[in-house]
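A.B. asks: need a 3D model of the following:
(one chain, ligands or ions: 2)
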Amino acid sequence: MENKTIARTLRLLSQLMELHEVNPFKIKSIANAAFKVDKLPFKIADKPFEEMEKVDGIGKSIAAKLQELLTTGSMAELQELLDTTPPGIVEMLGIKGIGPKKIAVIWHELGIENTGELYYACNENRLVEAKGFGLKTQDEIRKVIEFRMANSGKFLYAQVEKIAVDVQEQIQRLLPEASIMLCGEYRRRLEIITELRLVIGTGDADEAIAILQQESLLQDVSVDSYTLSGKTESGLEVNIVVIDIAHFYTEVFKQTGSDEHVEAILGRIKENNLRVESEEDIYEKAGLPFIEPELREGTDIIAQATENGLPALITYNDLKGTLHNHSTWSDGVNTLEEIALFCRDELKLEYLGICDHSKSAFYAKGLSIESVLNQHEEIDHLNKKIAGFHIFKGIESDILNDGSLDYPDEILKRFDFIVASVHSNLKMAEEKATERLIKAIENPYTTILGHPTGRLLLSRKGYDIDHKKVIDACAANGVVIEINANPLRLDLDWRWHQYALSKGVMLSINPDAHRNEGFYDMHYGTLVARKGGLSADKCLNARSFEEIKAIFAARKPQ
Ligand SMILES: [Zn+2]
Ligand SMILES: [Zn+2]
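C.D. replies: Ligands and ions are numbered 1, 2, ... in the order given. Here you go, the predicted structure:
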């Protein structure tokens, strides 16, 4: 065994001991031994026990641990600690800049068990108030996690948006005459991006390649015939296809859709050397209406286009209000009044549905019954004070383990609407998790099912549920399903939107904002809803104030 491996094992042992608050002297001696072993000029594993214990910083008890490690491949003490620590917490110990003491707070006080949840908590400002943390530490942790995410080569759509526009603008400056289009995963609005793909149409492809190669636009540049590849500073892979201007739209089409989609369309055309003035021409030649880029994943959409026609996809401007948001009453940053004015004056919306956390969400300062009543008083007051705008009384009720909601009926009936979400016990088996959700959906007070799987993209898999059963239950009970617009969630997954819509279930694009900037996430929610094929008439918060007021009133149990 190499010194490095031994040192790493000892370091992990000392970190875990610190995390579990074992005797501090022992922790220090093990951490010190790890440091010393790492620097030794000889292989410690080759030494007999008698020599090992004499090495500076090791001594008898650590030498015994090393013997155990070398003969069995592990250490009982380490294994015991590993067994009582969630794997996500062990992984967190490897993140630079967060020591075991801080991780203990993150784990025990904030109830966070992996880096995905930690990243989400940073974005929701939840770390700032925990012991030993401040805004600076929170920002540092966020940066480190972002760096690690980038190292995987995968990015959230929202992380790529600015990079994509920058790359396109830089190329346009270098090639002012060229036509440039962002294609691929980005144009299809996939929730996770592994590559930026651009098509450049120009009169002189060789010259364009030469210019792009000379400039330090990308790192690690290589050229393969007329494709230039490289990486951005942030580690995102970029592929640029340079083509003769006459074939620009054909190439844009080819580089946008999934392979399956592109092949199916071209198969309907049977024309070599396809030259067109626009992508619309291609679909026309294929005997089809224009298919929006975000819908070009497979071939189902082609069947839909020929049989029923295509939906008019929703746009950001179709949204009339915003549901499921948090204020200072629970874990939000802005006051109710600040949020209402922001939504009315900046976002030009007609209404806000406030849904602070319910009482079981202690880590998020969930509302006691008394706080609910006080908040309702404030809402009544603000609704009189703020003209041309309405605040609906909502709550994000935790779905408890048995599927029940978090307050007694006499409190539940005071709300205009209720978003029911799971926040705890995320590791249930599929059948139990599905039953739990269905019980909540069947509760007559539930209006919207919040972030149905609890997933955090790139970091936490959602809990397993039987999507069809859950959606069918929503259809049977008239419950709306949320498209949580936070770029880390985008949950309900777009791959299930069509099924939900086909069952007559409405969807709602909810920002789950914890601060005013968070409302802009509705942009990402709208993009992914378009990808799912949502039209404005099937979107709850595209309804006007009068319409939604009537919907809420009609749904309330008498
Ligand atoms: Zn939630
Ligand atoms: Zn929420």
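
A.B. asks: can you tell me the SS state at I411?
C.D. replies: helix (DSSP: H, G, I helix; E, B strand; the rest coil).

A.B. asks: if I pick it, what's in contact with it?
C.D. replies: By CB atoms under 8 Å, 6 or more residues apart in numbering, the contact list for I411 reads I369, V372. Yep, even glycine has a C-beta here, placed from its N, CA and C like the rest.

A.B. asks: try the one 4 residues further on
C.D. replies: Remark: with contacts taken as CB under 8 Å, 6+ apart, F415 is in contact with K393, G394, I395, Y445.

A.B. asks: please redo it, this time with the cut-off set to 6 Å
C.D. replies: Residues in contact with F415 (CB atoms under 6 Å, 6 or more residues apart in numbering) are K393, G394, I395.

A.B. asks: for the first one, what is the enclosing helix or strand?
C.D. replies: I take that to be K393. For K393, the host element (DSSP states H and E) is strand 390-398.

A.B. asks: what's that strand packed up against?
C.D. replies: Contacting strand 390-398 under the criterion 3 or more CB pairs under 6 Å, 6 or more residues apart in numbering; DSSP states H and E are the following elements: strand 351-357, helix 369-385, strand 417-421.

A.B. asks: can you list those in a markdown table and add mean neighbour count and mean pLDDT?
C.D. replies: Output for the helices and strands packed on strand 390-398, formatted as a markdown table (neighbours: other CB atoms under 10 Å; pLDDT from 0 to 100):
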| stretch | mean neighbour count | mean pLDDT |
| --- | --- | --- |
| strand 351-357 | 26 | 98 |
| helix 369-385 | 14 | 98 |
| strand 417-421 | 27 | 98 |
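
A.B. asks: follow-up on the earlier one: the contacts of F415 into a markdown table, with extra columns for pLDDT and distance to L534?
C.D. replies: A markdown table is the format used below for the contacts of F415 (pLDDT from 0 to 100; distance: CB to CB, whole Å):
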| residue | pLDDT | distance to L534 |
| --- | --- | --- |
| K393 | 98 | 26 |
| G394 | 98 | 21 |
| I395 | 98 | 25 |
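
A.B. asks: got a winner among those for most neighbours?
C.D. replies: Highest neighbour count within these, by other CB atoms under 10 Å: I395, with 31 neighbours.

A.B. asks: hmm, S358 and that residue touching each other?
C.D. replies: Yes. Contact criterion CB atoms under 6 Å: I395 and S358 qualify, at 5.5 Å.

A.B. asks: before we move on, the earlier item: in its sheet, what does the strand holding K393 sit against?
C.D. replies: Note on strand 390-398: by DSSP bridges, its sheet partners are strand 351-357 (parallel), strand 417-421 (parallel).

A.B. asks: who touches whichever strand or helix holds I548?
C.D. replies: Assigned by DSSP H and E, I548 belongs to helix 545-555. Helix 545-555 has contacts (CB under 6 Å, 6+ apart) with E350, Y351, H390, D416, F417.

A.B. asks: just the residues you listed now: which is nearest ligand 2?
C.D. replies: F417 (13.6 Å; CB to the ion).

A.B. asks: any idea how far I395 is from that closest one?
C.D. replies: F417 sits at a distance of 9 Å from I395 (criterion: CB to CB, to the nearest Å).

A.B. asks: list the contacts for A361?
C.D. replies: By CB under 6 Å, 6+ apart, the neighbours of A361 are D398, H423.

A.B. asks: and the pLDDT at it?
C.D. replies: Here, the pLDDT recorded for A361 equals 89.

A.B. asks: can you tell me the closest non-neighbouring residue to L457?
C.D. replies: L488 (5.3 Å; CB to CB, 6 or more residues apart in numbering).

A.B. asks: how about H376?
C.D. replies: Here the residue nearest H376, using CB to CB, 6+ apart, is K393, at 5.6 Å.

A.B. asks: contacts only, for that neighbour.
C.D. replies: Neighbouring residues of K393 by CB under 6 Å, 6+ apart: H376, I379, F415, D416.

A.B. asks: try 8 Å
C.D. replies: I354, Q375, H376, I379, R414, F415, D416, F417.

A.B. asks: biggest separation within those residues, which pair?
C.D. replies: Using CB to CB, the contacts of K393 span at most 14.5 Å, a distance reached by Q375 and F417.

A.B. asks: can you redo the contacts of F415 as JSON lines with distance to ligand 2?
C.D. replies: Shown next, in JSON lines, are the contacts of F415 (distance: CB to the ion, whole Å):
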{"residue": "K393", "distance to ligand 2": "15"}
{"residue": "G394", "distance to ligand 2": "10"}
{"residue": "I395", "distance to ligand 2": "10"}
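
A.B. asks: what is the nearest of the residues you listed to G321?
C.D. replies: Using CB to CB, G394 comes nearest to G321 of these, at 11.4 Å.

A.B. asks: the closest one: what's it in contact with?
C.D. replies: Counting by CB under 8 Å, 6+ apart, the residues that G394 touches are L323, H324, G353, I354, C355, F415, D416, F417, I418, V419, T447.

A.B. asks: same question for C183.
C.D. replies: R197, L198, V199, V252, Q255, T256 are the contacts of C183 under CB under 8 Å, 6+ apart.

A.B. asks: inside helices: which ones of those?
C.D. replies: Judged by DSSP state H, those include V252, Q255, T256 as members of helices.

A.B. asks: which of the residues you listed has the most neighbours?
C.D. replies: Neighbour tally across these (other CB under 10 Å): the maximum, 25 neighbours, falls on V252.
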